[in-house]
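Novice: coordinates for the following, if possible.
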Amino acid sequence: MTIDNIIKIRNVSFTYPDAKEPAINNVTFDIERGSWTSIIGHNGSGKSTIIRLINGLLDAGENANSKIEVDGIRLTQKTVWDIRNRVGVVFQNPDNQFVGATVADDVAFGLENRGVSRLEMMKIVPKAIAAVGMSEYADSEPGSLSGGQKQRVAIAGIIAIKPKIIILDEATSMLDPDGRSQVLQIVQQMKDKYGLTVIAITHDIDETALADQVLVMNDGQIVTQGKPESVFKKTKLLNELGLTVPFFQQVKKDLQSNAINIPNTINSEKELINYLCQLNSKK
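Specialist: Alright, predicted model coming up:
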């Protein structure tokens, strides 16, 4: 069975002006259509550079030996806007993305830029706002919202333009645990409803449990990749990179080392809690 990869990165390098070392050094990877990929690593590892290259915010130059391909389109200066129409980015600080006086105005902004008629916008905008649970705030000023609400509005603006890929660039790092959980839940729902591909750049390794694929970066290169459960097992490598395994994974490992039979198929905090409750009820 052929895998449908919506993003193909081949031998891509990038060096910032005046930098002595490349931020990205000969990186190659694929992202499957409809999947969730988490990219983790310490500051300066190259995570954010990768996503800025994918949607053309940075230009790696045209090179016969390297390639960035999105939804079957090779990224060039001529195709960059076609690719940006397919990729929506939610940044760390939503205040930097707001341009409208109200939530509805802000969600409509991307549609206006694409020449969508006012009649169509009046249909699309309320649906996008409702999808993220913000209908009662449609006429509110974005600056008056909480951090989690602001990120919901940012996501609504992305949903409105109907991209095929959503990139979360540290989008939950400024939120409290409840806000983070709500935003991730909304993204998961949108992914399932619209068949979106999600790429999450994150410092929160617990978020990677949501992923189908995890890429771990260090010094501009991918040092390991795979399903979360296989990456989490590489405790020594993650610790060397200044990363930790998710808390539930640490608990699971401690229980297994104390002769408690925890199946390796358990790969989330919720699954672990449910299993322990079932185990306890059998006693």
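Novice: going forward, measure contacts between C-alpha atoms and count neighbours the same way
Specialist: Will do.
Novice: for stretch 250-269, what is the average pLDDT?
Specialist: Mean pLDDT, computed over stretch 250-269, is 76.
Novice: now the phi/psi pair for Q185, please.
Specialist: Per-residue torsions, Q185: phi -60, psi -40 (degrees, to the nearest 10).
Novice: and for it, the neighbour number?
Specialist: When neighbours are counted by other CA atoms under 10 Å, Q185 registers 14.
Novice: what pLDDT does it get?
Specialist: On the pLDDT scale, Q185 gets 87.
Novice: and the contacts of stretch 53-72?
Specialist: By CA atoms under 8 Å, 6 or more residues apart in numbering, the surrounding residues in contact with stretch 53-72 are 5-14, 49, 52, 74-76, 80, 83-84, 86-87.
Novice: and it, end to end?
Specialist: 16 Å (CA to CA, to the nearest Å).
Novice: circling back: so of the contacts of stretch 53-72, which ones are in helices?
Specialist: Assigned to helices by DSSP state H, the following of those qualify: 49, 52, 80, 83-84.
Novice: out of those residues, who's the most crowded?
Specialist: In terms of neighbour count, I83 stands highest of the ones in helices among the contacts of stretch 53-72 at 24 neighbours, by other CA under 10 Å.
Novice: need the strands for the stretch 1-150 of the chain, in chain order.
Specialist: Secondary structure of the stretch 1-150 of the chain (DSSP state E, counting those that start in this stretch): strands at 5-14, 24-32, 36-40, 67-70, 73-74, 87-90.
Novice: deepest-packed of the ones you listed, please.
Specialist: Ranked by mean neighbour count, the strands of the stretch 1-150 of the chain are led by strand 36-40 with a mean of 25 (mean count of other CA atoms under 10 Å).
Novice: which other helices and strands does it contact?
Specialist: Secondary-structure packing of strand 36-40 (3 or more CA pairs under 8 Å, 6 or more residues apart in numbering; DSSP states H and E): strand 197-202, strand 213-218.
Novice: out of these, nearest to A154?
Specialist: strand 197-202 (14.9 Å; CA to CA).
Novice: any idea of the angle the closest one forms with strand 36-40?
Specialist: Orientation of strand 197-202 against strand 36-40 (axes from the mean of the first three to the mean of the last three CA atoms, to 10 degrees) gives an angle of 20 degrees.
Novice: sheet-wise, list the partners of strand 197-202 with their directions.
Specialist: strand 36-40 (parallel), strand 165-169 (parallel) (DSSP bridges).
Novice: most packed of the helices and strands packed on strand 36-40?
Specialist: Comparing the helices and strands packed on strand 36-40 by mean neighbour count (mean count of other CA under 10 Å), strand 197-202 ranks first with a mean of 25.
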